[in-house]
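Peer 1: okay, here's the prediction I keep looking at, along with the sequence it came from:
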Amino acid sequence: MRAVRIDRAGGPEVLELVELETPTPGSGQVLVRHAAIGLNFIDVYQRTGLYPLSYPTGLGLEGAGIVEAVGDGVSRFRIGDRIAYANGPPGAYAEAHVVAEDRAVHVPPEIPLESAAAVMLKGMTAEYLVRRTFHVKRGDTILLHAAAGGVGQILSQWAKSIGATVIGTVGSEAKAELARSLGCDHVILYDREDVAERVKTITGGEGVAVAYDSVGKSTFESSLASLARRGTLVLFGNASGPVPPFDPLRLSRGGSLYVTRPTLFDYVSTVEELDESAAALFEVIRSGAVKIEIGQTVPLSKIRDAHETLEARKTTGSTILIP
């Protein structure tokens, strides 16, 4: 099979497409033949070494396809089942991949495998962010950075369907138009406007109940300044770099604020949590409340180009790789 491997941390140039033996599933594992593979910013973090890996290694955490073989003791899936997964181990950038049966989910027949590959990690991230890290309720006003990105598009639609007012930030007029079409009530161009000032104007000086920030270093200050009293800042990414250390006293001075840095893996740590998260995601897609946009479809052979485009923040929606 063809697969992407890296032997060191670095830029897109470390990504190599090689020929490998198709792996055999061990006990409790299944071999999935990919229809599509998800591309996510966590892959960049792992490639660059921000999230360290042991080398040599594969890359990619998300894919969808057909079960081709099962290992001993597997009872959750059978050969021919349509499945998807979103939390590793790294190695999804390949024509086939071995995953633990308790880390994959069944894909309903009405959900295309390409959509499942595009949405599992981003969609379950949106699920835990909007339903569990902070329980968004009807009438809440929220701030969402990178509203035109993969998670942003899903989260904005989901929050809007609940009855929240969504303020989104984007980097261009084209992305602003897209964000509005997906449920953002207000859109801020973050490189042309003072985000916190606009938020306070929109909210009549009150601020937002929660700010969802996947950008990190460059947006941290504006996110904190946008919160209402007892507001929550949810940091779930570092696209511009990690947030620098800060004095916790700032949280009390800002209005008894909360800051959290969650990760998907702690919200789907059991098979029951995984199934519940995926079921909630598939239901909002089925209902039409959330529509999935595959913004870019890239052959696996162009993986370096795909990473360059993602890092430059030139993508919209989800990107999938076709093996």
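Peer 2: Ah, there it is. Numbering: from 1, shown residues only.

Peer 1: grab the nearest non-local neighbour of the residue nearest the centre of the chain.
Peer 2: Closest to where the C-alpha atoms of the chain average out (C-alpha atoms, centre = their mean) is residue 122, at 2.9 Å. Take residue 122 and drop its neighbours on the chain: the residue closest to it by C-beta to C-beta, 6 or more residues apart in numbering is residue 150, 4.3 Å away. Every C-beta, even on glycine, is put in place using the N, C-alpha and C of the backbone.

Peer 1: against residue 141, how distant is the one you found?
Peer 2: According to C-beta to C-beta, to the nearest Å, residue 150 and residue 141 sit 23 Å apart.

Peer 1: one step back: list the contacts for the residue nearest to the centre of the chain?
Peer 2: Residue 122 is in contact with 38, 40, 150, 151, 154, 318, counting by C-beta atoms under 8 Å, 6 or more residues apart in numbering.

Peer 1: the fifth one reaches residue 119, doesn't it?
Peer 2: Yes. Counting by C-beta atoms under 8 Å, residue 154 does reach residue 119; the two are 7.0 Å apart.

Peer 1: mutual contacts of the two, please.
Peer 2: Both residue 154 and residue 119 are in contact with residue 292, where contact means C-beta under 8 Å, 6+ apart.

Peer 1: returning to what we had before: which one of residue 150 and residue 141 has more residues nearby?
Peer 2: More crowded of residue 150 and residue 141, by other C-beta atoms under 10 Å: residue 150, with 30 against 24.

Peer 1: and that one, its phi and psi?
Peer 2: The phi/psi pair for residue 150 (degrees, to the nearest 10) reads phi -60, psi -50.

Peer 1: same deal with the one 4 residues further on?
Peer 2: Torsion angles at residue 154 (phi, psi; degrees, to the nearest 10) stand at phi -70, psi -50.

Peer 1: which pLDDT value goes with it?
Peer 2: We have a pLDDT of 94 for residue 154.

Peer 1: i'd like the first residue to be 104 from this point on
Peer 2: With the count now opening at 104, the last piece we talked about shows up as residue 257.

Peer 1: how close does it get to residue 136?
Peer 2: Distance of residue 257 to residue 136, computed by C-beta to C-beta: 26 Å.

Peer 1: higher neighbour count, the two?
Peer 2: residue 257 (30 against 16).

Peer 1: can you pull the pLDDT of the nearest residue to that one once chain neighbours are set aside?
Peer 2: The shortest distance from residue 257 to any non-neighbouring residue, by C-beta to C-beta, 6+ apart, is to residue 229 (4.1 Å). Predicted confidence (pLDDT) for residue 229: 97.

Peer 1: could you find the closest non-adjacent residue to residue 302?
Peer 2: residue 329 (4.1 Å).

Peer 1: count the neighbours of the one you found for me.
Peer 2: When neighbours are counted by other C-beta under 10 Å, residue 329 registers 29.

Peer 1: and for residue 174?
Peer 2: Applying other C-beta under 10 Å, we find 16 residues neighbouring residue 174.

Peer 1: follow-up on the earlier one: right, and the residue nearest to residue 225 touches residue 420 too?
Peer 2: Yes. Taking contacts as C-beta under 8 Å, residue 253 lies within contact range of residue 420: 6.0 Å.
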